[in-house]
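> need the 3D shape of this:
(one chain, ligands or ions: 1)
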Amino acid sequence: MLWFTEAHTPNVNFSIKISRHLHSEKSEFQQIDVFDSPEFGRFFSLDSVVMVTEKDEFIYHEMITHVAMAVAPEIKRVLIVGGGDGGTARELARYKTLEKIDLVDIDRRVVEVCREYLPFTSCGLDDPRVSVFFEDGVAFVAGKENEYDFIIVDSTDPISVGEGLFSSAFYKSCHKALKPNGILVNQHESPYYEITSAAMKRAHHRIRESFPAANCHVYQAFIPTYQSGHWLFGFASKSREAGFDPLIFDAAAWNALGLETKYYNTALHRASFALPNYVKKDLA
Ligand code: SAM
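Residues are numbered from 1 along each chain as shown. Okay, here's the model as predicted:
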């Protein structure tokens, strides 16, 4: 019997029974593996950390996309930093109103492997509005000014190649690359374990240094295969009125789009910003 095991902390392991190990390689940047499993279907890992599973990827990809799209339906130009599996691009491509979706991933092999083994997410890369760049996201964003309405940081954890995507310099570049009313959404780690909670606090602090603090919010989702299952996203708005509130949005207009989603809905949108007390305290 074969098991994939990811260390969620030095004291906690998370294991998935696997039926087939389909692919294994060390790219220039990271170890890439693809598996089939009875419980989560097909999934892939980078450096032995689960990235995308067939069974629960919809939660992450819907929540990293639809919250901001409901708040700011005027969004036209989007940048995805990371996200080489294509899942975030797939959700964005459902909006006919978008004009341009750029995606920059440091690792060409992630995109190639996902195209081969994970068609359920990589299909998002086929939309003609999507342009894929292979470069370090930190360098890619550094040269940009006033270009995007929405930047999504769909990164790995803040270790190895993903580290720069959690730095102050990167968040400052994102601020500059956004248009005046632009929005940044980032995967914000888990509040639960000490190691991911430290990353969450650091990211929140750095985003608040780069964006108006009153416009920096955090919302949550429940993702079974990520550390602790309790996951956060950051939501920062560039220069709308201070205290810009992502709970003020036209729910009827989003519902009228008729997008069928499995996790996101406009009531959950509101609820996802209601955080547990310990998380509010840690972010404060
Ligand atoms: N849903 C995932 C999660 O949180 O587990 C993230 C998915 S996506 C596969 C993460 C991507 O970020 C990877 O393909 C990786 O190559 C990319 N990445 C990591 N560091 C990067 C960097 N500095 N610039 C651009 N892309 C980067």
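> the ligand contacts on this structure?
51-52, 60, 81-85, 104-107, 110, 136-138, 154-156, 161-162, 164-165, 187 (C-beta under 6 Å from any ligand atom). To be clear about C-beta, it is placed using only N, CA and C from the backbone, and glycine gets the same treatment.
> which ones among those residues map onto helices?
Under the assignment DSSP state H, the residues of the chain next to the ligand contribute 60, 110, 137-138 to helices.
> phi, psi of Asn13?
Note on Asn13: backbone dihedrals following degrees, to the nearest 10 are phi -110, psi 150.
> roughly how far apart are it and Glu6?
Shown here: Asn13 relative to Glu6, a distance of 7 Å by C-beta to C-beta, to the nearest Å.
> equivalent analysis for Leu178, please.
Separation of Leu178 from Glu6 (C-beta to C-beta) stands at 34 Å.
> more neighbours: these two, which one.
Leu178 (27 against 17; other C-beta atoms under 10 Å).
> helices or strands up against the helix or strand Glu112 falls within?
Secondary-structure element containing Glu112, defined by DSSP states H and E: helix 108-117. Here helix 108-117 touches strand 20-26, strand 31-37, strand 41-46, helix 119-122, strand 130-134, going by 3 or more C-beta pairs under 8 Å, 6 or more residues apart in numbering; DSSP states H and E.
> what residues of the second one count as buried?
The neighbour-count check on strand 31-37 (16 or more other C-beta atoms under 10 Å) flags 32-35, 37 as buried.
> mind naming the longest strand for this protein?
The single longest strand within the chain, with elements called by DSSP state E, is strand 178-187.
> and it, what other elements does it pack with?
Strand 178-187 sits against helix 57-71, strand 148-154, helix 168-177, helix 194-210, strand 230-237, with contacts defined as 3+ C-beta pairs under 8 Å, 6+ apart.
> worst mean pLDDT across the helices and strands of the chain, which element?
The helix or strand of the chain with the poorest confidence is helix 194-210; it has a mean of 92 (mean pLDDT, DSSP states H and E).
> quick one, that one and helix 168-177 angle?
Angle, helix 194-210 to helix 168-177, by axes from the mean of the first three to the mean of the last three C-alpha atoms, to 10 degrees: 40 degrees.
> let me see the contact set for the residue most central in space within the chain.
A centroid search over the chain (C-alpha atoms, centre = their mean) returns Asp154, at 3.3 Å, as the residue closest to the centre. Asp154 makes contact with 64, 80-83, 88, 187, according to C-beta atoms under 8 Å, 6 or more residues apart in numbering.
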